[in-house]
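Asker: A predicted structure for the sequence below; I have some questions about it.
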Amino acid sequence: MNQNLAFADYAVFIIYFIVVSAYGYSVYRKRKQDEQDAKAYFLAEGNLTWWAIGASLIASNISAEQFIGMSGEGFFLGIAVAAYEWLAAIALIIVAVWFIPVYLKNKIYTMPQFLKTRYNESTALIMAVFWLFLYVFVNLTSILYLGAVAINGLAGGEYLHAIMIGLAVFALFISLGGMKVVAYTDVIQVAVLIIGGLVTSYIALTTVGQYFGVGQNAIEGFKVLMREAPEHFKMIIPRPTANSSQLEIDKYLTFPGLMSYLAGIWIINLNYWGCNQYITQRALGADLQTARTGILFAGMLKLLMPLIVMLPGIAAYVLYQNGHLPQLVGGKDGAYSAVLTFLPTGLKGLSVAALTAAIVASLAGKVNSISTIYTLDIHKKYIQKEAGEKQQVNIGRIAVFAAMLLAVLFTWNDILGIGGVGGFTYIQKYTGFISPGVFAMFFLGMFWKRTTGTAAIVGVILGFVLSVLFNEYAPALFGNETLLYTAYPNGKGAFEIPFHICMGLSFFFTMLAMIGISFAGPKVNPKAFEIDSEMFKVKPQTTVLIVITLLIIVALYVKFW
């Protein structure tokens, strides 16, 4: 195993960098000549094709926390973590069929605009400020930190800050050109990350096959994984018993079996894919059929993601358990980087390019959404109401630069403690506290006309308070009989409720409170959206895509139940 990059690896990476940069610049020059208004800059209004929307959705979604974090969860949990990806495909179907028509019919371009149109300006401002803080201090920082750490480990371990700056500058170069540049360069980024990710998974499987004497055969290597780690190929993690080990308890706390499917994982996916500026922005400027096809295309691509981001983690587990891997740097989150050390010269550079593509695409997409929310929902409304089209674009570019600078500063010495809990856990922990309230607010706002602005504000605040209550204080209040025990290195222990169950409880009680408050309000809400059955009808070709996706998911669950 060679842990350092060779000249050929750097050459492959440089070629990738030149191709993406040159293509991005050409798209920017064309956009600058043809489109001058702010909506073209922020939304690429009316100009994104379905394949660009779908590819951009995946490129923005798959980042360092997936490559590093989900590979680490594959090392720890196994295939159960694939539920995040496969159920995301179902969530994307729901968004394409039911959410997007509501947004497009009501000409919604940002999530705060949705809240202002449906509820009131106070709700919109509260959530706009919240989303800006979340995107900058949780998402940007974790993506930048995890990505820099992963690439730094492959480059020799001495270039963390230089890599961090390089990733930030590369993402800035793409994002300053606006949404059209981000979306179309994402097509190349997705191609690179899928090809590079598949190559990494293939090498991991052939390496397993080689070490276990079945030859350099990927299929035989996969069979070895299933034989050597059968517990890693079960979608449902069983509830621990009195005789369970601490490891079995910890796995259930992370992904509590069937209970995860009752609420938690659906709230995570539907809130992420349906109520998230960072994601829905790709589709908000398109017509309905183009947006739907792009979203469903992204759903089909999601089915591939476990093969790319999870399977290397399981391979690393089997190799590690049998003494074929050195001690993992950074615990389970070091699984993906450890697998990359088996790649031959040149292919290692392709995998680093794939990882970089994922990081840069996510950074660019995030800062574009930050600039959109800040410019359209805060600056234009409260600071410079008379700002013209060109001024708005310039303000958006300043916001892009400021957001990235803040992310670099707060990531420089890991001020936020991202490395202490792991990037994937860091994101899930801090976004999950607000997800139940936000999703309840959007869901009722779309599909129940009686929901009031007061109920929305109470819902988002109550959802957060209940999340804190169930995660931090409920174990002491409810007693130990129904909870799970977690031991800590200092010998002490604590009782916990699995995180997915906490989200489900918070969502349930938030919905009850919002419904009760809305019933106390007026029977006719003038701000309610007009919806009709025609909005939700799908064309035959769309139905075919949906059926194919669902059949594949059913087959996967039947295989690995």
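Answerer: It's in.

Asker: per-residue confidence at residue 397?
Answerer: At residue 397, the predicted lDDT confidence score is 85.

Asker: check the burial of it by counting its neighbours.
Answerer: Residue 397 is flanked by 19 other residues according to other C-beta atoms under 10 Å. For the C-beta atoms, the positions are set from N, CA and C on the backbone; glycine is no exception.

Asker: show me how far the helix or strand containing it is from its chain's centre.
Answerer: Remark: residue 397 resides in helix 389-411, with elements defined by DSSP states H and E. In this view, helix 389-411 has its centroid 22 Å away from the chain centroid, taken as C-alpha atoms, centre = their mean, to the nearest Å.

Asker: got the buried residues for that helix?
Answerer: Along helix 389-411, these residues count as buried under the neighbour rule (16 or more other C-beta atoms under 10 Å): 392-393, 395-397, 399-401, 403-404, 407-408, 410-411.

Asker: show me what that helix is packed against.
Answerer: Secondary-structure packing of helix 389-411 (3 or more C-beta pairs under 8 Å, 6 or more residues apart in numbering; DSSP states H and E): helix 38-43, helix 141-154, helix 160-175, helix 347-373.

Asker: now do the spatially most central residue of the chain against residue 189, distance only.
Answerer: With the centre of the chain defined as its mean C-alpha position, the nearest residue by C-alpha atoms, centre = their mean is residue 61, 4.3 Å away. Going from residue 61 to residue 189 by C-beta to C-beta, to the nearest Å gives 11 Å.

Asker: where does the chain have its least confident helix or strand?
Answerer: Across the helices and strands of the chain, mean confidence by mean pLDDT, DSSP states H and E is lowest for helix 418-421: a mean of 49.

Asker: any stretches of this protein with poor pLDDT?
Answerer: Counting by pLDDT under 70, the chain contains low-confidence ranges at 1-4, 31-47, 64-65, 153-157, 176-183, 278, 285, 326-331, 413-430, 474-495.

Asker: need the helices for the stretch 51-200 of the chain, in chain order.
Answerer: Listed in chain order, the helices of the stretch 51-200 of the chain (DSSP state H, counting those that start in this stretch) span 64, 71-76, 83-94, 100-105, 111-118, 121-134, 141-154, 160-175, 179-211.

Asker: residue 374: which of these is closest?
Answerer: helix 121-134 (6.2 Å; C-beta to C-beta).

Asker: got the buried residues for stretch 369-381?
Answerer: By 16+ other C-beta under 10 Å, the buried positions in stretch 369-381 come out as 369-381.

Asker: in CSV, list these along with distance to residue 274.
Answerer: Listed next are the buried residues of stretch 369-381 as CSV, based on distance: C-beta to C-beta, whole Å:
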residue, distance to residue 274
369, 15
370, 19
371, 22
372, 17
373, 17
374, 22
375, 23
376, 20
377, 19
378, 23
379, 26
380, 25
381, 24
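
Asker: and the residue nearest to the centre of the chain, how far is that from residue 73?
Answerer: Distance, residue 61 to residue 73, using C-beta to C-beta: 16 Å.

Asker: then residue 391?
Answerer: 45 Å.

Asker: repeat that for residue 357.
Answerer: If you measure residue 357 against residue 73 using C-beta to C-beta, the figure is 21 Å.

Asker: then residue 23?
Answerer: 33 Å.

Asker: from memory residue 306 sits against residue 78, does it?
Answerer: No. In this structure, residue 306 sits apart from residue 78 without contact. The criterion is C-beta atoms under 8 Å, and the distance is 10.6 Å.

Asker: who has more neighbours, those two?
Answerer: With other C-beta under 10 Å as the criterion, residue 306 and residue 78 differ in neighbour count, and residue 78 comes out ahead with 25 against 22.

Asker: now do the contacts for the more buried one.
Answerer: 229, 231-234, 314, 317 (C-beta atoms under 8 Å, 6 or more residues apart in numbering).

Asker: which ones among those residues map onto helices?
Answerer: The helices, defined by DSSP state H, take in 314, 317 from the contacts of residue 78.

Asker: export the contacts of residue 78 as a markdown table, with columns for distance to residue 324 and neighbour count.
Answerer: As requested, these are exported to a markdown table (distance: C-beta to C-beta, whole Å; neighbours: other C-beta atoms under 10 Å):
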| residue | distance to residue 324 | neighbour count |
| --- | --- | --- |
| 229 | 13 | 17 |
| 231 | 19 | 13 |
| 232 | 16 | 22 |
| 233 | 20 | 16 |
| 234 | 23 | 15 |
| 314 | 14 | 30 |
| 317 | 11 | 23 |
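
Asker: looking at the contacts of residue 78, which are in strands?
Answerer: In this view, the contacts of residue 78 have no member that belongs to strands under DSSP state E.

Asker: residue 85: which of the contacts of residue 78 is nearest?
Answerer: Proximity to residue 85 was ranked across those by C-beta to C-beta; first place goes to residue 314, at 14.2 Å.

Asker: on that earlier part again, between residue 357 and residue 73, which one's more packed in?
Answerer: residue 357 (29 against 26).

Asker: verify the stated contact: the more buried one with residue 17.
Answerer: No. Between residue 357 and residue 17 there is no contact under C-beta under 8 Å: 9.9 Å.

Asker: what do those two both touch?
Answerer: Counting by C-beta under 8 Å, 6+ apart, residue 357 and residue 17 have no common neighbour.

Asker: break down the stretch 401-550 of the chain into its helices, ranges please.
Answerer: Along the stretch 401-550 of the chain, the segments classed as helices by DSSP H, counting those that start in this stretch run 418-421, 423-432, 435-447, 453-468, 474-478, 499-519, 540-560.

Asker: give me whichever of those helices is most buried.
Answerer: The highest mean neighbour count among those belongs to helix 435-447 (a mean of 25), with neighbours defined as mean count of other C-beta atoms under 10 Å.
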